[in-house]
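Visitor: kindly generate the corresponding structure for this input.
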Amino acid sequence: MEATSASVSHMIDRFLELIRAFLNAVMGKMEHPAAVLEQTYAALQKELVQLRATLAALLAQQTQLEAQIEKKKAKQEDTSEHESDLATLKKKIEDTRQRLNDLEQEIQKSYTKRQVLKARDRASREANGMLLRKDPWTVLNEMENQQLDRAPVPKTFLVTIGVLFVAWLIFGVYVAIRHMNL
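Guide: Take a look at the predicted model:
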C-alpha cells in the first residue's frame, strides 16, 4: 500500500513539474526577455557609437585649441582665455572617457546576459523537444515500469493519468502554436 501511494505521489510530482514547465514557457513567451535584452544591447551599442564620435570631436577641438595657443605664444600674445578653455575641454574629455569606459562595461554585462539567456533558451528548447518526442503511452509505460510492485491501480492514479494526458495535449498545442509564430 505504501509503495502505491509513493508511486502516485511520484506521478503527481512529475505532473506538477510538467505543468510548471508549461507555465514557465507561456510566461517566457509573454515577457519576451530575449527581445528586451536585444533592444537594450542595441541601444547601448548605438550610444557607444555616439559617445565615441563625441570623444573624437572633443579630441579634435583640443588639438585645434592647443595649436591656437602655440601660435599665440609664438606671437607673445595673451593665452589665458584659451588655456582656461583648454582646461574645461580636458575636463570634458576626461568625463567622456569615463562614461565611455562605464558604457563598455555595461555592454559587456549585457552581452554576457544575452549569451546566458541564449544558452538557457537552447537548453529549454532541447528539453521541450525531449518531452514532445514521447507520446503519452510511452510516458505511462515508463511510469508503470518504475513502480516497485504491481499493486492494483487506484482510482487517483487513473485520474492523474487523465490529467497528465490533458496537460500533454495542451502543451502540444502550445508548442504547435509557438512554432507557427516563429
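Visitor: now do the SS call for Glu77.
Guide: The three-state label given to Glu77 by DSSP: H, G, I helix; E, B strand; the rest coil is coil.
Visitor: give me the neighbour count for it.
Guide: 10 (other CB atoms under 10 Å). To be clear about C-beta, it is placed using only N, CA and C from the backbone, and glycine gets the same treatment.
Visitor: least confident secondary structure element in this structure?
Guide: helix 136-146 (a mean of 62; mean pLDDT, DSSP states H and E).
Visitor: and the next element down the chain from that helix?
Guide: helix 155-181 (DSSP states H and E).
Visitor: which helices and strands sit right next to that next one?
Guide: For helix 155-181, the helices and strands in contact under the criterion 3 or more CB pairs under 8 Å, 6 or more residues apart in numbering; DSSP states H and E are helix 2-31, helix 80-133, helix 136-146.
Visitor: could I get the pLDDT score of Lys90?
Guide: Lys90 carries a pLDDT score of 94 in this model.
Visitor: and the residue nearest to it when sequence neighbours are not counted, how many neighbours?
Guide: Of all residues not flanking Lys90 in the chain, Gln62 sits nearest, at 6.9 Å (CB to CB, 6 or more residues apart in numbering). For Gln62, the neighbour count with other CB under 10 Å is 16.
Visitor: residues contacting Gln62?
Guide: Taking CB atoms under 8 Å, 6 or more residues apart in numbering, we find Gln62 in contact with 86, 89-90, 93.
Visitor: give the buried subset of these as a PyMOL selection command.
Guide: Filtering those down to the buried ones (16 or more other CB atoms under 10 Å) takes a single PyMOL command:
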select buried, resi 86+89+93
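Visitor: any chance of the contacts of Gln62 in JSON lines, with distance to Ser124 too?
Guide: As requested, those are exported to JSON lines (distance: CB to CB, whole Å):
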{"residue": "Leu86", "distance to Ser124": "56"}
{"residue": "Leu89", "distance to Ser124": "51"}
{"residue": "Lys90", "distance to Ser124": "51"}
{"residue": "Ile93", "distance to Ser124": "46"}
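Visitor: where in this protein is pLDDT low?
Guide: 1-9, 25-33, 125-155, 157-158, 181-182 (pLDDT under 70).
Visitor: most centrally placed residue in it?
Guide: Leu117 (3.6 Å; CA atoms, centre = their mean).
Visitor: quick one: it and Leu37 touch, right?
Guide: Yes: the criterion here is CB atoms under 8 Å, and Leu117 meets it with Leu37 at 6.0 Å.
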